[in-house]
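[1] Build the 3D model from these lines:
(chains A and B)
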Amino acid sequence: MVKGKLSKTFEPQTAEKKLYQYWLDHDLFHAHDTSSQKPFSVVIPPPNVTGMLHMGHALNNVLQDIMVRFRRMQGYNTLWMPGTDHAGIATQNVVEQELAKEGISRHDLGREKFIERVWQWKAKYGGVIINQLKRLGCSCDWARERFTMDEGLSRAVREVFVRLYHDGLIYQGDYIVNWCPRCHTAISDLEVEYIQEEGALWHIRYPFVNGNGGVVVATTRPETMLGDTAVAVNPHDERYKELIGKEVLLPLVNKVIPIIADEYVAMEFGSGAVKITPAHDPNDFAIAGRHHLEIVKIMDGSAVINENGGSYRGQDRYTCRENVLKDLEEQSYLVSKEKYLHSIGQCYRCKTNIEPMVSMQWFVKIQPLAKKAIEAVAKKETKIVPSSWEGTYFEWMSNIRDWCISRQIWWGHRIPVWYCDHCKETIVSTQTPQTCPTCKGVALKQEEDVLDTWFSSALWPFSTLGWPDESAALKTFYPTSLLITGFDILFFWVARMMMMGLYVMGDVPFRDIYLHALVRDDKGEKMSKSKGNIIDPLEMIDKYGADAFRFTLAAFTAQGRDIRMSEDRIEGYKFFINKIWNATKFSIMNLADYPAEGVFVDRSDESLPDRWIKDRLNKTISEVNRGLDEYRFNDAAAGIYQFIWHEFCDWYIELIKPALYNSNDAKEKLAAQHTLLTVLKASLKLLHPFAPFVTEEIWQALSCEEGSIMISEFPLGDESYEDAEAARQMDLIINIISAVRNIRGEMRIAPSKKLHATVSVADKDSLSIVKSGKNYIINLANLDGLDFGVDINDPKGVATSVVGSMKVFVSLAGLINLDEEKARLEKEIVKLQKDIAFISKKLDNQDFLQKASEDVIKKEKVKYQEFTEKHRILKAALSKIRTISL
RNA sequence: GGGCGGGUAGCUCAGUUGGGAGAGCGCCACGUUUACACCGUGGAUGUCACAGGUUCAAGUCCUGUUCCGCCUACCA
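    Residues are numbered from 1 along each chain as shown, chains lettered A, B, ... in the order given. The predicted structure is shown next:
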């Protein structure tokens, strides 16, 4: 007996909380370190510990949860590894702001105390986003939750650093880096955002040391001239050939600098002569290296002019610019100024203009690592989906530059390098050394810098699994099966994980990478706080339920396209959640007398609708499986939606109502009940990865089921459900019903008004189908009677419709005026005439007949037959009406 | 400068080997039939951006143009 209790509507707020707790209590998210089942593993893209759940997180994690639940139901030993990222600069900023409210700076506290404060902050607020993920229904293995600053992960960081160092892949040196004057740290090339800005191009004359005249250089940053150590021209530039090797006097500074020749200089740009400031421009730095130029740094860490700037010392770089320009003008060195649109780099964290600056930093020599990461994707050891991203990946990886990994902040993994005060030895070690191995001195000082946060996240796929220990989890789950993340961190994170995974583990970190797009608002604009167009995922969950929200995201996740999110859509899918809820209520109501245990239903007892819906179910199952296998989330979602609503609810349930209500045929009823329950259960399972809460709630309400739907078996196709014959027959019956409904609708006849219909068939096969489907037609077309036979002449006063080789006549006696039917027929006839003209043109074409495939030609001929026949019948019906109405 | 994606119904978008274009929402009409008005039934709406080309046949393949979006780059 199937009993169950479902309230009038599904109430997400209470159910979600209860069910999530149920899953936790039963430990259903837990993966096993060792198991005979095949492993499936996913590591979460760790959200910033400072983060709050936004749409991007929601999409990313919903897609992961869909895949994870799908594979878990398929019987995989499924691990979804959760955790957060310590987000060095961002977190330090947050805590510094907190301190600022108390009127102190981190320097007042000192490094150790400050770090303590950050940990306190983390303990208090760091778990917020984790709890928000739970609201989405994420089935992460929470017992394994990790943090990039954990002891274990820190150990992995030190270990990798030391290995890279000893392999010669880490070096320290004075190089030009992107310096943020506000964060007081170097940042990597990737952390610089370029924006277009209306600036100016100033032309400045540098006079020759000997003789009259001078050379004019063009610059967008006149203040940097204080650090110029050369002027460069192109060696092939006829205008300047004579000047190469000569010297000019740097205005304001009164320093003699050489004119050099370098291929880098573009002759056609500006004046064709470039001032060279090696300490504050990456290109100039490169030129300085080639020509062994002096490097003069003119700013300090706050981008304030230093002692090398002479009288400008103490001025901010932009104040200095004004003053330099004023002075140049006064001294007649300024030749001209023109408006100029150019791009300038900003710190992606604080939007301060980046100052390129030479400083002592640590770098990873990246080319050897990148090479292997390129090969791995080229050899398909890792597959990127959609594959269009592969090109971007190759392009970037091939042109990659060394990675600056040191940061001059406090919050992060301190670089495991110590310096001996006594003998100046550099010690690189995973363990804190007590004495200097060279001189046995004990005065050791650790490197002040910390590592880029991405250095630790690059290790995430194996550090979270226990590396550097050879843990069982690592053995079972590495390489991970799948990474789902946004394309915007392909370089930041994915590429670096690829490199580190291959370097450390000797194998790729993941088999598949699925890159999803951005979530935008309904107008296609990027969501941002300043625009005020943020849609808060938690608000949506409160309002419509997590299931509706999740289903919406899945339904709109088409590969390679951004998602436009709007509330209306979420509401629409809430209606869908309600639909299956009600279908279940109906089922439970009609299964009260169904003996759930040990039922044997002879397949020969199954009705046509039973056979048909199973055939449809089978097709849906393969559609959903294929969709998820190929990460075509929208296809999978659309398949299950279409099936549940428009096949199961719209047709199947309506078709079997008589069998359920009027139990004069016990076998038929039992078969219907059996099929109803079978299809409902399979539908719930198919839907579960998308809508975990409502499906679990329903599952547990069905008294015939025990345990969680989460660990039930995901439907696989059943060959015995395939039934092309049932599909063909049902199709015909549905078409007849639709024909009658169409006439009813077009004639605006009330749905409650019972009609009489006659079906004229052309052959015995159709006759037997109509005969067996008679009651379905009567019920769903709401008829009071149905006549049928071979080649019946159309009765008087009917509306006519053609279905394949059959004619459907609906008696209209006394119901409507015939003009309406006339109009309906004329509309149909016009459409047919167009169709027929189009096809006959094709069939008259000799080329078509000779070159098209036989199948296509045959199809066209059949269509032609059908259309002309239909046309003939409707035409006859029309003329008959004309005679009547005359 | 280079690269990528996109321009299909009023809106948001599907359309995987080239054989007469689909969905959801919205809209219109009718309707409280014992799961559901968070519903049912029916209906309307498209020079598939533009121009060429390949082909018997193009939304789909090729070329060019145009508009939009994104990524990327060391011409000061």
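[2] For burial, what's the neighbour tally of the nearest residue to residue A:310 once chain neighbours are set aside?
    The shortest distance from residue A:310 to any non-neighbouring residue, by C-beta to C-beta, 6 or more residues apart in numbering, is to residue A:253 (6.5 Å). All C-beta spots, glycine's among them, are computed from the backbone N, C-alpha and C. Residue A:253 has 19 neighbouring residues, counting by other C-beta atoms under 10 Å.
[3] Identify the residues contacting residue A:253.
    A:225, A:226, A:228, A:310 (C-beta atoms under 8 Å, 6 or more residues apart in numbering).
[4] That one belongs to a helix?
    No. Counting by DSSP: H, G, I helix; E, B strand; the rest coil, residue A:253 is not part of a helix but coil.
[5] Need the phi and psi values for it.
    With angles defined as degrees, to the nearest 10, residue A:253 sits at phi -90, psi -30.
[6] and it, what pLDDT?
    Predicted confidence (pLDDT) for residue A:253: 87.
[7] about what we covered before: just checking, which of the contacts of residue A:253 belong to helices?
    Nothing among the contacts of residue A:253 maps onto helices, per DSSP state H.
[8] Now render these as a markdown table, adding neighbour count.
    Listed next are the contacts of residue A:253 as a markdown table, based on neighbours: other C-beta atoms under 10 Å:
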| residue | neighbour count |
| --- | --- |
| A:225 | 22 |
| A:226 | 25 |
| A:228 | 29 |
| A:310 | 13 |
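[9] Check the residues you listed and tell me the two furthest apart.
    Farthest-apart pair in the contacts of residue A:253 is A:228 and A:310; separation 12.9 Å (C-beta to C-beta).
[10] Show me which residues of stretch A:446-465 are buried.
    For stretch A:446-465, the neighbour count (16 or more other C-beta atoms under 10 Å) marks A:447, A:449-465 as buried.
[11] Between its first and last residues, how far does stretch A:803-821 reach?
    17 Å (C-alpha to C-alpha, to the nearest Å).
[12] Could you give the average pLDDT over it?
    On average, the pLDDT along stretch A:803-821 is 81.
[13] Could you tell me which residues make contact with whichever residue of the stretch 101-250 of chain A sits closest to RNA strand B?
    Residue of the stretch 101-250 of chain A nearest RNA strand B, by C-beta to the nearest atom of the strand: residue A:219 (3.8 Å). The contact partners of residue A:219, taken as C-beta under 8 Å, 6+ apart, are A:201, A:202, A:204, A:225, A:275.
[14] element containing the first one?
    This points to residue A:201. Of the helices and strands defined by DSSP states H and E, residue A:201 is found in strand A:192-207.
[15] Tell me the helix or strand right after that strand.
    Once strand A:192-207 ends, the next helix or strand along the chain (criterion: DSSP H and E) is strand A:214-219.
[16] Get me the contact residues on the stretch 651-800 of chain A for RNA strand B.
    Listed as neighbours of RNA strand B in the stretch 651-800 of chain A under the rule C-beta under 7 Å from any atom of the strand: A:653-654, A:657, A:661, A:738, A:741-742, A:744-746, A:748, A:750-752, A:782.
[17] closest to residue A:385 among those residues?
    Among those, residue A:653 lies closest to residue A:385 (C-beta to C-beta), at 37.1 Å.
[18] so how far is residue A:676 from the closest one?
    Relative to residue A:676, residue A:653 is positioned 8 Å away (C-beta to C-beta, to the nearest Å).
[19] on that earlier part again, tell me how far the residue of the stretch 101-250 of chain A closest to RNA strand B lies from residue A:323.
    For residue A:219 relative to residue A:323 (C-beta to C-beta), the value is 15 Å.
[20] Enumerate the residues of the stretch 1-150 of chain A near RNA strand B.
    Contact residues (C-beta under 7 Å from any atom of the strand) of the stretch 1-150 of chain A with RNA strand B: residue A:9.
[21] Let me see the ranges of the helices in the stretch 1-150 of chain A.
    Under the criterion DSSP state H, counting those that start in this stretch, helices of the stretch 1-150 of chain A are mapped to A:12-25, A:55-73, A:88-101, A:106-109, A:111-125, A:128-136.
[22] Pick the most buried one from these.
    helix A:55-73 (a mean of 24; mean count of other C-beta atoms under 10 Å).
[23] show me the residues around the closest residue to residue A:674 other than its chain neighbours that make contact.
    Leaving aside its chain neighbours, residue A:674 sits nearest to residue A:601 (4.4 Å; criterion: C-beta to C-beta, 6+ apart). Neighbour list for residue A:601: A:670, A:671, A:674 [criterion: C-beta under 8 Å, 6+ apart].
[24] Buried only: go through the residues of the stretch 651-800 of chain A next to RNA strand B for me.
    Buried, going by 16+ other C-beta under 10 Å: A:653, A:738, A:742, A:744, A:746, A:782, out of those.
[25] the domain parsing of chain A - what is it?
    The record's domain parsing of chain A by automatic domain parsing lists A:35-169+A:366-401+A:454-516, A:185-356, A:541-722, A:752-885.
[26] now for those domains, which one comes closest to residue A:28?
    Closest among the domains of chain A, using C-beta to C-beta: domain A:541-722, at 5.2 Å.
[27] now the helices for the stretch 251-400 of chain A?
    A:282-291, A:317-330, A:367-378, A:388-398.
[28] For these, please prepare a markdown table with the additional fields mean pLDDT and mean neighbour count.
    Output for the helices of the stretch 251-400 of chain A, formatted as a markdown table (pLDDT from 0 to 100; neighbours: other C-beta atoms under 10 Å):
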| stretch | mean pLDDT | mean neighbour count |
| --- | --- | --- |
| helix A:282-291 | 90 | 18 |
| helix A:317-330 | 92 | 16 |
| helix A:367-378 | 92 | 18 |
| helix A:388-398 | 86 | 15 |
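[29] can I get these in a markdown table with distance to residue A:593?
    Output for these, formatted as a markdown table (distance: least, C-beta to C-beta, whole Å):
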| stretch | distance to residue A:593 |
| --- | --- |
| helix A:282-291 | 80 |
| helix A:317-330 | 84 |
| helix A:367-378 | 59 |
| helix A:388-398 | 56 |
